[in-house]
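Pasting a predicted model and its sequence here:
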Amino acid sequence: MDYIKKSGDICLKQEDFDLEQTLDCGQAFRWEKTSDGFFGFFLNKPLEIKKEKDYFIFKNTSEEDFLNTWADYFDLSTDYGELKRIFSEDETLSKACSFAWGIRLLKQDKWEALCSFIISQNNNIPRIKGIISRLCEKYGGFPPPEELCASSEEDLAPLRAGFRAKYILDAARKTACGEINLDEISKLDISIARKSLMGICGVGPKVAECALLYGMYRVEAFPVDVWIKRVMERYYPNGLPDYVLPYAGIAQQYLFHYIRNL
């Protein structure tokens with residue numbers, strides 16, 4: 001990892017990384033554009049990050065936080081150049097990787113990702129961000145399930161989450177009491193993990209797949225929304241090439257960004 005400490009900041013050189021493609025593509029909802037970069041949160045830790053010439057500047061970040069939190073969050077140990085080389089044996093994926101060359105998969109918190117993608121159902125990114133922002137404002141940060149499960153649907157009314165409020169509370173209660181153990185689920189065979197997550201009210205196949213991919217780094221998970229359904233129907237009626245399947249979730253990131261912007 002090529003970085004230097006400078007005036008309280010961490011300055012990172014990193015290939016295959018674009019802030020906008022990574023932080024504004026719909027995989028995480030607590031990042032906002034600033035005049036020269038992004039500001040957001042992970043595990044309720046704030047970060048301001050921007051690009052200056054050849055460096056990504058992690059503002060006011062200690063080396064300890066960079067190494068122990070942000071390097072993992074931004075998946076800096078994964079060779080995305082090699083993944084793109086593998087994917088690019090396929091013509092469509094080659095075009096997608098060239099177009100969305102800087103996307104990286106964020107390693108998010110299991111609970112926050114699950115809750116966020118429950119909120120994402122039948123929703124758009126601005127509204128998802130608004131609901132999550134109001135949730136964090138109400139609880140002083142993204143609340144753990146143990147705190148949230150004491151709330152009622154009436155308590156969540158100011159979030160304007162609609163029908164999703166009861167699903168958020170069911171997920172919180174089942175997680176807080178141990179009926180759903182996200183750490184254990186993350187290690188299960190993926191078909192069993194999917195089934196376990198769908199034991200939460202309102203969690204269907206897509207939300208379960210998103211929770212696995214974005215919250216548990218199960219890179220074989222493959223969320224299918226309207227955009228990916230179009231990709232599959234148009235380019236992969238018989239499924240993705242076998243060599244892509246172990247990293248299907250990362251391939252999905254490139255395909256999603258590509259087809260959405262054609």
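Yep, it's here.

how about the strands of the protein, start to end?
Per DSSP state E, the chain carries strands over the ranges 2-6, 9-13, 31-33, 37-42, 45-52, 55-58.

is it possible to export those to a markdown table including mean neighbour count, distance to residue 198 and mean pLDDT?
All C-beta spots, glycine's among them, are computed from the backbone N, C-alpha and C. Shown next, in a markdown table, are the strands of the chain (neighbours: other Cβ atoms under 10 Å; distance: least, Cβ to Cβ, whole Å; pLDDT from 0 to 100):
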| stretch | mean neighbour count | distance to residue 198 | mean pLDDT |
| --- | --- | --- | --- |
| strand 2-6 | 12 | 41 | 95 |
| strand 9-13 | 19 | 38 | 98 |
| strand 31-33 | 16 | 28 | 97 |
| strand 37-42 | 18 | 26 | 98 |
| strand 45-52 | 16 | 31 | 97 |
| strand 55-58 | 20 | 37 | 98 |
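
export those strands to a markdown table and tack on distance to residue 110?
Putting the strands of the chain into a markdown table (distance: least, Cβ to Cβ, whole Å) gives the following:
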| stretch | distance to residue 110 |
| --- | --- |
| strand 2-6 | 27 |
| strand 9-13 | 26 |
| strand 31-33 | 19 |
| strand 37-42 | 12 |
| strand 45-52 | 16 |
| strand 55-58 | 24 |
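
so where's the stretch 51-200 of the chain shaky on pLDDT?
Judged by pLDDT under 70, the stretch 51-200 of the chain has no weakly predicted residues.

coming back round to it: can you check which of the strands of the chain gets nearest to residue 227?
strand 31-33 (20.3 Å; Cβ to Cβ).

roughly how far is the closest one from the heart of the chain?
Relative to the mean C-alpha coordinate of its chain, strand 31-33 is positioned 14 Å out (Cα atoms, centre = their mean, to the nearest Å).

Which one, of the strands of the chain, ends up nearest to residue 236?
Per Cβ to Cβ, nearest to residue 236 of the strands of the chain: strand 31-33, 30.0 Å.

Return the list of helices and strands in contact with the closest one.
Secondary-structure packing of strand 31-33 (3 or more Cβ pairs under 8 Å, 6 or more residues apart in numbering; DSSP states H and E): strand 37-42.

Could you list the alpha-carbon positions for the strand it packs on in PDB?
In PDB, the C-alpha atoms belonging to strand 37-42 read as follows (Å, rounded to 0.1, in the frame of the first residue of the first chain):
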ATOM      1  CA  GLY A  37     -14.500  15.200  -2.900                       C
ATOM      2  CA  PHE A  38     -16.800  13.300  -0.600                       C
ATOM      3  CA  PHE A  39     -17.800  13.300   3.100                       C
ATOM      4  CA  GLY A  40     -19.400  10.300   4.800                       C
ATOM      5  CA  PHE A  41     -19.400   7.700   7.500                       C
ATOM      6  CA  PHE A  42     -18.500   4.100   8.200                       C
END
